[in-house]
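Undergrad: Have a look; sequence and predicted model below, questions after that.
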Amino acid sequence: MATDNKLHFWRRSAKVPGRFLKEAPKTNALSIKSKKVSSFHEFARSTNDAWDIGDDEDEDFLHPSMPPAPQPSAPQSSTNLNLTEGQLVDKHTVTAEEEDGLNEVRTGTHQTNGRVVKSNSEAQLSTSTVRTPLQKQQSLPLRPIIPLVARISDQNASGAPPMTVREKSRLDKFRQLLASPNTDLEELRRHSWSGIPREVRPITWRLLSGYLPANKERREQVLKRKREEYFGFIEQYYHSRTDEHHKDTYRQIHIDIPRTNPLIPLFQQPLVQEVFERILFIWAIRHPASGYVQGINDLVTPFFVVFLSEFVEEDVENFDVSALPLDTQRNIEADSFWCMSKLLDGIQDNYTFAQPGIQIKVKALEELVSRIDEDVHSHFQRYEVEYLQFAFRWMNNLLMRELPLRCTIRLWDTYQAEADGFSHFHLYVCAAFLIEWRKEILSMVDFQGLLMLLQNLPTIHWGNEEVGLLLAEAYRLKYMFADAPNHYRR
């Protein structure tokens, strides 16, 4: 029975090698009830899942069951379903099991300006592809709302005044760099490290990711060619998603997509979910060494939001993507695919068999923290907390599950500007992020409390200021330790 429970606890990250788990100590059965939960194995018996990365064991090809639990401090919602200036409604779905096994299939159409149009892949791409219908999303009673301080577009922790003189000067500098015949990428990276103005972030990300050339005259031609190439992949490969060889990959993608940012209405739109399915499926079959791995779905969202913001002035969280012209939708999709591909090229060993890249990074984090803060490291050892139990997700999802999306976008400004930002600098960001909570960590005196803290860190109100301080500390750690390998050794 203990083995069953352990397997159930780890079921959402089955790729983690079993050798990282210690054998549960033998305990007198009569003393279990009176003993505090203080080890990983005892905690495993009393919890279902602490990672919330995804469910590999879904029996039916359905949209997800429940999104993550809301913050306890969030105000309770009323019966009003509309999004107001200070509210963001949590939209989510239920599984067929929760609906007594009734699988109602969505018809594949939606209303646009009073006219019913197709919303499946065939209609959006003007190809002969036949789309498998998605399962109908079912509504649950309203859950607590999140203050609009969590908006993607809110780049400050609190309401910011209009653009300051300094901010305008920075924006002008970016525009000057971008308008030059050959953009100085090193200079662009130097200015981007401390954050990119929203108005120029889309083109800056395209340049820093290597998707666009520095030569201004070539950019339009490259964009046209790469976008056509992506949709050529769609026509060539997407119909094979139902083939025996690819159906498991597509099935997992189809399950994971609705779980991507379930609190943001933008990502619950069927049209947006179809875009994500195409992007992830095409990437997976073009990279057979890794294929699709849970967590990659999160990496599409910052690119999609940034490229969408180029055409949307209001908050993108609630924007109806179907209102955009079809060509614009296609361009956003293609650009998101190529920039995500560029990112994954540098960290693909995170997602190959047994995910060796993540294992190496988690081990490096453990050694780094043991040198940075011996008290925190010893505290983990005392209560048998393994770094893999919380840092696996930090590496797999690049901290996207730990930070609001607006913070991820700001973080990626620096990652794009930093050499090997997503692979190497991310290690120091994770170390700084962990030490940020040292007071709370040291106050926890049992395994369960520690693990639940590390998997539910209170960052919902974080903004530019907090991310800036985190990055500054990460840079300090990198300066001290990156070129001093002996510092890793005790």
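TA: Looks like it came in fine. Nothing here was measured: the structure is a model prediction, and the numbers come from that model.

Undergrad: Name the next helix or strand following the host helix or strand of residue 235 along the chain.
TA: Residue 235 is part of helix 216-237 when elements are defined by DSSP states H and E. Downstream of helix 216-237, the next assigned helix or strand under DSSP H and E is helix 247-256.

Undergrad: For that next one, buried residues please.
TA: 249, 250, 251, 252, 253, 254, 255, 256 (16 or more other Cβ atoms under 10 Å). From N, CA and C alone the C-beta is placed, and that goes for glycine too.

Undergrad: and after it, which helix or strand comes next?
TA: helix 270-286.

Undergrad: what comes up buried for that next one?
TA: For helix 270-286, using 16+ other Cβ under 10 Å, the buried residues are 270-285.

Undergrad: Closest to residue 342 out of these?
TA: For the buried residues of helix 270-286, the residue nearest residue 342 by Cβ to Cβ is residue 283; the value is 11.2 Å.

Undergrad: my read: that closest one touches residue 340, true?
TA: Yes - look at residue 283 against residue 340 with Cβ atoms under 8 Å: they come within range, at 6.9 Å.

Undergrad: who touches residue 477 in this structure?
TA: By Cβ atoms under 8 Å, 6 or more residues apart in numbering, the residues touching residue 477 are 368, 372, 428, 431, 432.

Undergrad: Ok, residue 395 next?
TA: 350, 357, 358, 361, 362, 365, 426, 430.

Undergrad: can you do 10 Å?
TA: 295, 347, 350, 355, 357-362, 364-365, 388, 423, 426-427, 430 (Cβ atoms under 10 Å, 6 or more residues apart in numbering).

Undergrad: Give me the buried entries from those.
TA: For these, buried by 16+ other Cβ under 10 Å: 295, 347, 350, 355, 357-359, 361-362, 364-365, 388, 423, 426-427, 430.

Undergrad: So for residue 490, what's the pLDDT?
TA: With respect to pLDDT, residue 490 scores 48.

Undergrad: To clarify, my last question referred to residue 163.
TA: 72.

Undergrad: so the closest residue in space to it that isn't next to it in sequence, which of the three states?
TA: Once flanking residues are discounted, residue 163 sits nearest to residue 171: 7.4 Å by Cβ to Cβ, 6 or more residues apart in numbering. Three-state call for residue 171 (DSSP: H, G, I helix; E, B strand; the rest coil): helix.

Undergrad: Could you count how many residues lie near residue 171?
TA: 16 (other Cβ atoms under 10 Å).

Undergrad: need the contact list for it.
TA: Neighbouring residues of residue 171 by Cβ under 10 Å, 6+ apart: 163, 196, 197, 198, 199, 200.

Undergrad: Name the member of the residues you listed that has the highest neighbour count.
TA: residue 196 (27 neighbours).

Undergrad: low pLDDT regions in the stretch 151-300 of the chain?
TA: Per-residue confidence for the stretch 151-300 of the chain (pLDDT under 70) gives these ranges: 151-162.

Undergrad: What score does residue 474 have for pLDDT?
TA: pLDDT at residue 474 comes out at 97.

Undergrad: Where does pLDDT dip in the stretch 351-490 of the chain?
TA: Using pLDDT under 70, the flagged stretches of the stretch 351-490 of the chain are 483-490.

Undergrad: let's go with 90 and repeat that
TA: 354, 419, 481-490 (pLDDT under 90).

Undergrad: Now do the helices in it.
TA: 356-372, 374-382, 388-396, 405-417, 426-435, 438-443, 447-455, 464-481 (DSSP state H, counting those that start in this stretch).

Undergrad: Could you point out which of the ones you listed sits nearest residue 192?
TA: helix 405-417 (4.0 Å).

Undergrad: so what does the closest one touch, helix or strand wise?
TA: In terms of contacts (3 or more Cβ pairs under 10 Å, 6 or more residues apart in numbering; DSSP states H and E), helix 405-417 is packed against helix 185-192, helix 201-208, helix 301-309, helix 326-345, helix 426-435, helix 464-481.

Undergrad: What angle do helix 426-435 and it make with each other?
TA: 140 degrees (axes from the mean of the first three to the mean of the last three Cα atoms, to 10 degrees).

Undergrad: mind listing what's buried in helix 405-417?
TA: Applying 16+ other Cβ under 10 Å to helix 405-417 flags 405-417 as buried.

Undergrad: check contacts around the closest residue to residue 214 other than its chain neighbours.
TA: Spatial nearest neighbour of residue 214, chain neighbours left out: residue 183 (4.6 Å); criterion: Cβ to Cβ, 6+ apart. Residue 183 makes contact with 176, 177, 203, 204, 207, 208, 212, 213, 214, 215, 216, 219, according to Cβ under 10 Å, 6+ apart.

Undergrad: one more time with 8 Å, if that's ok
TA: 177, 207, 214, 216.

Undergrad: Can you tell me how far the last one is from residue 329?
TA: Looking back up the chat, that one is residue 216. As for residue 216, its distance to residue 329 is 25 Å (criterion: Cβ to Cβ, to the nearest Å).

Undergrad: cool, residue 403 as well?
TA: Distance, residue 403 to residue 329, by Cβ to Cβ: 27 Å.

Undergrad: Looking at residue 307 now. What's its pLDDT?
TA: 97.

Undergrad: Would you mind giving the helices and strands packed on helix 405-417 as JSON lines with distance to residue 380 added?
TA: Formatted as JSON lines, these follow (distance: least, Cβ to Cβ, whole Å):
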{"stretch": "helix 185-192", "distance to residue 380": "35"}
{"stretch": "helix 201-208", "distance to residue 380": "36"}
{"stretch": "helix 301-309", "distance to residue 380": "30"}
{"stretch": "helix 326-345", "distance to residue 380": "30"}
{"stretch": "helix 426-435", "distance to residue 380": "10"}
{"stretch": "helix 464-481", "distance to residue 380": "18"}
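
Undergrad: Can you tell me how far residue 298 is from residue 344?
TA: 12 Å.

Undergrad: now residue 289
TA: Distance, residue 289 to residue 344, using Cβ to Cβ: 11 Å.

Undergrad: neighbour count winner among those two?
TA: residue 344 (17 against 9).
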